[in-house]
Structures are given as C-alpha cells and as structure tokens.
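S.K.: Here is my input; please provide its structure:
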Amino acid sequence: MRTDATEVLDAAIPVLAKDRGASMQVIATRAGISRATLVRLFPTRQHLVRAMAEKILDDCDHALSRAEADDAPIRQVLTALSAEYPPFAQLWNLVYVEPDVLGVPEASIRAEAVFERTVAFVQRAQDADLLRKDMAATWLASTFCSLAETAWELTLEGHMGSRQAPEFLLSILLQGASA
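M.R.: Here you go, the predicted structure:
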C-alpha cells in the first residue's frame, strides 16, 4: 500500500487527468490506498490538487534547470529533456491549459513562467538550427508539451511503452510525421 505522499501524487495525477471531478474516494481507490490514508496525507481535495500542481511545476522546473545548465550539444540536451516528458504532459493537461478547472488559478502564474522557460529553450534550439526558425518558438513549445501529453496518455492507456514515448516525442518534434 502506498503511504508516501509523492507516490500518492504520482498515482493521483493520471486519475485527475482523466476525470477532473474525481472524488477523494475514487482517487484513493485508483491509487491503491484507503480514503483514510489519502485524507491523512491531504486533508481535502483542494490540498491534494494544490500538492499535485506544485509537484508538476517543481518537476518541470527541475527538468528545465538541468537542460538550461547543460553545456552538451543542443540535440543531446533536447533528447534528455524529452526523456523527462511526463511533467510537461501533466503541466499541459492539468495546470497550464485550464488552471481554473482544478481550482488552483494561482498555479497559472507559475505555469506561465515554466512555459516561458520552455519557449526560451526552444529558441535556443532554433538558434542552433535544430528546430525550424520559420515557426514561432511559442508554437513549437506548445507542440512539445502537447506531444508530451499525447505520449503520456498513450503510455497510461498501454498503447505505447514508457521507453518508446521519449523517442516518439523527439522524432515527431524534429522530423514531423512524414514518411
């Protein structure tokens, strides 16, 4: 049985991604814990949702900090960032696109800052001629996040392996879907 808050958050995030109105009982059941354990860790649904948003944003911050500090060739850095795609998927799915849906509108300020850092990273890749310069960096950053969301959902649904997802994301971002 999961009793660590981080493990519970990791189990709860996909539940709310699929069912934004999921009750504490539903979240606990799908996380494999009792409702009492969930309430002990997160006294209210609002506490749980705030903790989820903070975890997602913290995970994105950490991944971007590693990418920003990495002096390796930009393709290698983008490959490493793509391997850390789940928090960007969760950011796009739960926090950035509709922050008010979860009742955590203040998370949108932090989410916007994370997204702007993602845009800056994309601009770095454009400056290195890895990504197209004729496309807006904002559009390409949105594409990265939406591809991450698609890969995450396909992985959760069993249509794609977790090791396959980063390669999918990077391949579509760099080469598109053409044959």
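
S.K.: Might you calculate how far the one helix or strand His62 maps to sits from the centre of the chain?
M.R.: Here His62, judged by DSSP states H and E, is contained in helix 45-69. Distance, stretch centre to chain centre, for helix 45-69: 8 Å (Cα atoms, centre = their mean, to the nearest Å).

S.K.: Report the contact partners of Ala89.
M.R.: Taking Cβ atoms under 8 Å, 6 or more residues apart in numbering, we find Ala89 in contact with 145, 148-153. The way it works is simple: take the backbone N, C-alpha and C, and place the C-beta from them, glycine included.

S.K.: Nearest spatial neighbour of Ala63, chain-adjacent residues omitted?
M.R.: Nearest in space to Ala63, with sequence neighbours left out and distances taken as Cβ to Cβ, 6 or more residues apart in numbering, is Glu84 at 4.2 Å.

S.K.: Count the neighbours of that neighbour for me.
M.R.: The tally of other residues near Glu84 (other Cβ atoms under 10 Å) stands at 17.

S.K.: Relative to Leu140, how far out is it?
M.R.: Noted for Glu84: a distance of 17 Å to Leu140, by Cβ to Cβ, to the nearest Å.

S.K.: Repeat that for Thr6.
M.R.: Distance, Thr6 to Leu140, using Cβ to Cβ: 31 Å.

S.K.: ok, those two, which is more surrounded?
M.R.: Leu140 (21 against 10).

S.K.: so Trp114 makes contact with His62?
M.R.: For residue 114 the amino acid is Val, not Trp. No - Val114 is beyond contact range of His62, at 10.6 Å (criterion: Cβ atoms under 8 Å).

S.K.: More neighbours: the two, which one.
M.R.: Val114 (24 against 12).

S.K.: contacting residues for that one?
M.R.: By Cβ under 8 Å, 6+ apart, the residues touching Val114 are 57, 60-61, 64, 91, 96.

S.K.: Can you say which of the residues you listed are buried?
M.R.: Buried members of the contacts of Val114, scored by 16 or more other Cβ atoms under 10 Å, are 57, 60, 64, 91, 96.

S.K.: Switch these over to a markdown table; also include pLDDT and distance to Leu16.
M.R.: Listed next are the buried ones among the contacts of Val114 as a markdown table, based on pLDDT from 0 to 100; distance: Cβ to Cβ, whole Å:
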| residue | pLDDT | distance to Leu16 |
| --- | --- | --- |
| Leu57 | 89 | 15 |
| Cys60 | 91 | 17 |
| Leu64 | 93 | 23 |
| Leu91 | 83 | 13 |
| Tyr96 | 64 | 14 |
